[in-house]
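Engineer: Predicted model and sequence below, questions to follow.
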Amino acid sequence: SQKIEQNSEALNIQEGKTATLTCNYTNYSPAYLQWYRQDPGRGPVFLLLIRENEKEKRKERLKVTFDTTLKQSLFHITASQPADSATYLCALASSASKIIFGSGTRLSIRP
Amino acid sequence: GAVVSQHPSRVICKSGTSVKIECRSLDFQATTMFWYRQFPKQSLMLMATSNEGSKATYEQGVEKDKFLINHASLTLSTLTVTSAHPEDSSFYICSASALAGRTDTQYFGPGTRLTVL
């Protein structure tokens, strides 16, 4: 069956370091992959989308890579700040636009 | 731009009652709205997809007679949880897309926390 794994339920890092979150998937051929930020008790906020034919996408301090051979996406936040503390969700969608979400990684940035 | 609101943000009800949740796109016309449910520390699960003026398409395992969805206008969709039970307690989140059926252009609402006593 289709499966998405965000390999860390929680990640703690020091302010200023680069946070790297991982999203692995099996039995799925996504047309694109998205990363969202979700704060407690709030809906997800879209961050980045990367398509199957793209290797890397950047937006300010954020970088996403997508390796369809490894079936993996990495999400990086450089120069992390306490305000980046949140849960980050990856989501995959097939060309039929049926989207499935990972369970998220809770990121904590300590000052 | 692309703001989606939900009302109420939080609701507590007694078992057996029905609860209506509204989802509105404030500054764009939402051809498609999606309804999700999220249990604590779990992923968002798509419940149904609704296109304006059409019947909703429900995901496998979601009872359409229990979760009534109406998408009567391009800016409003409602989810009614009928005869709610404690196991229906969850965080319900809608999203809206201006493009029909497109999850790559969906904007999420802030969510509604439902607690059934």
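Structural biologist: Cool, the structure landed. Residues are numbered from 1 along each chain as shown, chains lettered A, B, ... in the order given.
Engineer: Leaving out sequence neighbours, find the closest residue to B:Leu76.
Structural biologist: Using Cβ to Cβ, 6 or more residues apart in numbering or on different chains and skipping residues adjacent in sequence, the residue nearest B:Leu76 is B:Arg24, 5.4 Å away. For the C-beta atoms, the positions are set from N, CA and C on the backbone; glycine is no exception.
Engineer: give me the beta-bridge partners of the one you found?
Structural biologist: Note on B:Arg24: beta-bridge partners B:Ser5, B:Leu76, judged by DSSP bridges.
Engineer: buried stuff in stretch A:30-41?
Structural biologist: A:30, A:32-38 (16 or more other Cβ atoms under 10 Å in any protein chain shown).
Engineer: From the residues you listed, list the ones also adjacent to chain B.
Structural biologist: With the criterion set as Cβ under 8 Å from any Cβ of the partner chain, the members of the buried residues of stretch A:30-41 near chain B are A:32, A:34, A:36.
Engineer: Check what pLDDT B:Leu74 gets.
Structural biologist: What the model reports as pLDDT for B:Leu74 is 90.
Engineer: tell me the contacts of the closest residue to it other than its chain neighbours?
Structural biologist: Take B:Leu74 and drop its neighbours on the chain: the residue closest to it by Cβ to Cβ, 6+ apart is B:Gln29, 3.9 Å away. By Cβ atoms under 8 Å, 6 or more residues apart in numbering or on different chains, the contact set of B:Gln29 is B:74-75, B:98.
Engineer: and what of B:Thr115?
Structural biologist: Counted by Cβ under 8 Å, 6+ apart, B:Thr115 has contacts B:10-13, B:89.
Engineer: These in strands, which ones?
Structural biologist: Using DSSP state E, B:10-13 are the members of the contacts of B:Thr115 that sit in strands.
Engineer: so what's residue 91 bridging to?
Structural biologist: As the question left the chain open, I've gone with chain A. Under DSSP bridges, the beta-bridge partners of A:Ala91 are A:Gln34, A:Phe101.
Engineer: Not quite, go with chain B.
Structural biologist: B:Gln38, B:Arg113.
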